[in-house]
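Q: pasted the sequence and its predicted model underneath.
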Amino acid sequence: MSRILAINGSYRKDGITDRAVNEVVRALESAGAAVDVILLREYPVGFCLNCRECTQQAGESVGRCVQHDGMDELIDKIELADGYILASPTNFGSVTAIYKRFMERLIVYAYWPWHMNSPRLRKENTPPKRALIVSSSAAPGIIGSLMYETRKQLKKTARIIGADTVGTLFVGSIAKGPHQPLPKGILQRARKLAGRLNGSEQA
């Protein structure tokens, strides 16, 4: 049974991003996967202190932050998962601030001693897991997907934690009303991508 971890950086309860993630989750659970959903808006993750203590130890093992908050448990969940759903709507051209805060704390996945000019990812030589990214934007689908940084940031998250992105679920034109339904095409794509993430359908 696959263990999938969904990390959702949306601020809005039952908004488009929540519902898109939930559609993928339902399809995964129907296929027998175990899914754990983390809502960053409810999760105790503090700001990175930029102390770099977690980056000094060499090796593939994840560094440990000097802060002891919800990120400790979340890192453990990331390590145990077989695949990921990484989600954030687009705010001011990129991921939300709470998602960026989480992303900055992923520095534990880098080896970066003080004499090195740039970090080396700890997972770069390990067999990759799978990740699906989910996002939304007020701009139309293809324009919002390519114009803004959201998709790039979500894919970067996947790479940092040692996963290949196997698909993107992007919902565009979401600012036309407070309770827009998910388009039929998005529902169909969510189910298809769930199979790809679960390994039952090829990319």
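A: Happy to help now that I have it.
Q: what residues does stretch 163-181 touch?
A: With contact meaning CB atoms under 8 Å, 6 or more residues apart in numbering, stretch 163-181 is reached by 16-17, 20, 24, 83-84, 89, 128-145, 151, 154-155, 158-159, 182-183, 186, 189-190, 193, 196-197, 203. C-betas here are computed from N, CA, C, even on glycine.
Q: residue closest to the middle of this structure?
A: Central residue of the chain (CA atoms, centre = their mean): residue 86, 2.1 Å from the mean position.
Q: I'd assumed it was in a helix, is it?
A: No. Counting by DSSP: H, G, I helix; E, B strand; the rest coil, residue 86 is not part of a helix but strand.
Q: mind checking how far residue 155 is from residue 124?
A: To residue 124, residue 155 is 15 Å away according to CB to CB, to the nearest Å.
Q: so for those two, which sits in the more crowded spot?
A: Between residue 155 and residue 124, counting by other CB atoms under 10 Å, residue 155 is the more crowded of the two (17 against 14).
Q: and the more buried one, what does it touch?
A: Taking CB under 8 Å, 6+ apart as the criterion, residue 155 is in contact with 133, 165.
Q: alpha carbons of the helix or strand hosting it, as CSV, please.
A: Element membership of residue 155, judged by DSSP states H and E, is helix 150-160. Below are the C-alpha coordinates for helix 150-160, written out as CSV (Å, rounded to 0.1, in the frame of the first residue of the first chain):
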residue,chain,number,x,y,z
THR,A,150,4.1,28.8,-8.3
ARG,A,151,4.7,25.7,-10.4
LYS,A,152,8.5,26.2,-10.4
GLN,A,153,8.5,26.5,-6.6
LEU,A,154,6.4,23.4,-6.1
LYS,A,155,8.6,21.5,-8.5
LYS,A,156,11.7,22.8,-6.6
THR,A,157,10.2,21.5,-3.4
ALA,A,158,9.8,18.0,-4.9
ARG,A,159,13.4,18.0,-6.1
ILE,A,160,14.7,19.1,-2.7
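Q: following element in sequence after that helix, please.
A: As the chain continues past helix 150-160, the following element, by DSSP H and E, is strand 163-171.
Q: mind giving me the packing neighbours of the following helix or strand past that following strand?
A: Scanning forward in sequence from strand 163-171 by DSSP H and E, the next helix or strand is helix 184-198. Helices and strands touching helix 184-198, by 3 or more CB pairs under 8 Å, 6 or more residues apart in numbering; DSSP states H and E, are helix 16-30, strand 83-89, strand 129-136, strand 163-171.
Q: in CSV, list those along with distance to residue 102 and mean pLDDT.
A: Formatted as CSV, the helices and strands packed on helix 184-198 follow (distance: least, CB to CB, whole Å; pLDDT from 0 to 100):
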stretch, distance to residue 102, mean pLDDT
helix 16-30, 15, 96
strand 83-89, 9, 98
strand 129-136, 14, 96
strand 163-171, 15, 95
